[in-house]
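Engineer: Generate a structure from the sequence data that follows.
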Amino acid sequence: MLLTEDLIARADAADRFVADDGAQLSYSALADRVAETAETLAAHDWAAPGRAVALPLTNDLAGICALLALFQRSVSVALLPADDDGPTPAFCSARLDTATMSASDINTSDVSPDREEPLVYLRTSGSTGEPKWVVITRDALILNADGVRDRMRLGPDDCVLIPVPIYHMYGLGAALLPTLLGGSSLRVASRGDPLSILQAERAVNPTMAYMIPSQCRALQPLRRSPRHYRGIVIATGRLSPEFAEKFEEMNGPVAGLYGSSEMGAIAAADPSTDADRRRREIGPPLNNVQISIEADETEEDGPATGPIFVRHGAGYMGYADGTGTISAPAPEQHPTGDLGYINELGDLNVVGRADNRIKRDGLWVLLGEIDACLADAAGVAEVAVVTAGQTRRGVGVVAYFVVERGADVSEEDLMHHCRDTLPGHAVPDQIVRIKAFGRLASGKTDLRALKEDAAERIAG
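Structural biologist: Model (predicted):
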């Protein structure tokens, strides 16, 4: 189904492998281990085809083999963070421990194996609201991954480093599965800190990598000499063009990728595309994806900007309730919640969240513009801008930042920078320096926590 005989033969002929922090397997050895795992699962009623199993998915060979074995058995999978200690979803027949291949919370009596095709349940990040269960078919997930493989041109000549969680749609659908479909060598890292990334690079000499912006910013000051990847895919945020240029000098081309838990990968750049184009735009839609922009009116000096809607041949089925039943079917066009535009070359660019476009002093402000202004300031490693409460100017705006190692940047310095760079109505009410951002399981910044803090600051 995924590891076909032809793919295994091509990968083995090129000496390709799949590895984690401590072990390495050839593609044929991986297929054998997946088959053995599937045979072990076949002895249990809770892993019968049609059932749903909760899988805390780890970034290691055990987790990969368990996932592929469940796929092979046509068992539906609810993916959880590796350290998830919450209750097992009620629609799951068991929770699988990948380290021991044993199950807990077994409940087959109340769970009917009535699913005609295997499904994948993914929790949304919950970065701005309550997490939901997104339901997508296994085959749609793989079809979407096939499009990423083609866009990134992944094949047996590549070795791909994945230091992002593979239980999240980005790590799974845009990184892990496309790499396997390409027959590329694969190295997953259990941790995503810069030292772990450097250690993995020394071990396998990757040609491609999947990262998030905070990893790039943390890695850059530790890079002592250039190490040129064929491409580094960046998602769940963007690098400013100025930082991307400096980063590429030491690391190689950056390729932006835009997607969501619901729709998988939506648009992405080819790493070989012109550098200026890659740094300023995300890239064209993937195959089977149609993007529409519902702009209020056409901009006189550029492309029309508005809410982004997506039609996807490999998108989600809908949102599930606590029983696993789809309670909210996917609409014909999925609203991503972001604002963006498509340029004359067909590239998508995302300018911010639709709910992050606010009015201050009677004028529109995009929080992304404030974020970009602060991110480009000297000595700033990372930024997050949130809204809270009301001020005499309109919606309150608080910006948080983390400084680069060894830098000395104050709140006053950045407030002066904003006043010199931004129009007056876009200057934040407060700028706050913090040691580090809290993270969700997906690796995204915990914006809800920042909003709570900002509300207290604006109210005080």
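
Engineer: give me the number of residues near A354?
Structural biologist: A354 is flanked by 15 other residues according to other Cβ atoms under 10 Å. Heads up, the C-betas are built off the backbone N, CA and C, glycines and all.

Engineer: what does the strand ranked longest in the chain contact?
Structural biologist: If you go by DSSP state E, the chain has its longest strand at strand 380-391. Applying Cβ atoms under 8 Å, 6 or more residues apart in numbering, the contact partners of strand 380-391 are 213-214, 217-218, 356, 358, 367, 370-371, 374-375, 395-405, 407, 409, 414, 428-429, 437, 445, 447, 450-451, 454-455, 457-459.

Engineer: Likewise for stretch 307-314?
Structural biologist: By Cβ under 8 Å, 6+ apart, the list of residues contacting stretch 307-314 reads 136, 140-141, 143-144, 147, 263-264, 266, 288-294, 332-340, 348, 350, 354.

Engineer: So what's the predicted local confidence for the residue lying farthest from the centre of the chain?
Structural biologist: For the chain, the largest distance from the centre (Cα atoms, centre = their mean) belongs to R392, which lies 37.1 Å off. Confidence at R392, expressed as pLDDT, is 88.

Engineer: follow-up on the earlier one: just the buried members of the contacts of strand 380-391?
Structural biologist: 213-214, 217-218, 356, 358, 367, 370-371, 374-375, 395-404, 409, 414, 428-429, 437, 445, 447, 450-451, 454-455, 458 (16 or more other Cβ atoms under 10 Å).

Engineer: Go through those residues and flag which are in strands.
Structural biologist: Reading strands off the buried ones among the contacts of strand 380-391 with DSSP E, I get I358, V395, G396, V397, V398, A399, Y400, F401, V402, V403.

Engineer: Quickly note the distance from the residue nearest the centre of the chain to R10.
Structural biologist: Centroid-nearest residue in the chain: Y170, 3.4 Å away (criterion: Cα atoms, centre = their mean). Relative to R10, Y170 is positioned 26 Å away (Cβ to Cβ, to the nearest Å).

Engineer: And the protein, split by domain according to the record?
Structural biologist: 5-350, 361-459 (automatic domain parsing).

Engineer: Report how many residues lie close to the closest residue to A320 other than its chain neighbours.
Structural biologist: Leaving out its chain neighbours, the residue that sits closest to A320 by Cβ to Cβ, 6 or more residues apart in numbering is W133, at 4.1 Å. Residues near W133, counting by other Cβ under 10 Å, number 20.

Engineer: now do the one 4 residues further on
Structural biologist: By the measure other Cβ under 10 Å, the count of residues near T137 is 19.

Engineer: i'd like the first residue to be 738 from this point on
Structural biologist: Fine by me, first position is 738 from now on; the one you just mentioned is T874.

Engineer: bridging residues for it?
Structural biologist: L856 (DSSP bridges).

Engineer: list the contacts for it?
Structural biologist: T874 touches E854, P855, L856, V857, M1054, counting by Cβ under 8 Å, 6+ apart.

Engineer: Pull up the gap between it and V771, please.
Structural biologist: T874 is 20 Å from V771, by Cβ to Cβ.

Engineer: Likewise for I971?
Structural biologist: From I971 across to V771, the span is 30 Å (Cβ to Cβ).

Engineer: try I1079
Structural biologist: I1079 is 40 Å from V771, by Cβ to Cβ.

Engineer: And for A937?
Structural biologist: Here A937 is placed at a distance of 23 Å from V771 (Cβ to Cβ).

Engineer: Please list all residues in contact with E1148.
Structural biologist: Q1167, I1168, V1169, R1170.

Engineer: Tell me what L898 is bridged to.
Structural biologist: R924, A946.

Engineer: Run a quick neighbour tally on it.
Structural biologist: So L898, with other Cβ under 10 Å, has 26 neighbours.

Engineer: does it really touch Y947, like I thought?
Structural biologist: Yes. Using Cβ atoms under 8 Å, L898 makes contact with Y947 at a distance of 7.3 Å.

Engineer: Write the PyMOL selection for whichever of the contacts of E1148 are buried.
Structural biologist: In PyMOL syntax, the buried subset of the contacts of E1148 is picked out as below (16+ other Cβ under 10 Å):
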select buried, resi 1167+1168+1169
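
Engineer: from the contacts of E1148, which single one is nearest A785?
Structural biologist: Distance to A785, by Cβ to Cβ, is smallest for V1169 among the contacts of E1148, at 52.7 Å.

Engineer: Kindly indicate whether that closest one is helix, strand or coil.
Structural biologist: Using DSSP: H, G, I helix; E, B strand; the rest coil, the secondary structure recorded for V1169 is strand.
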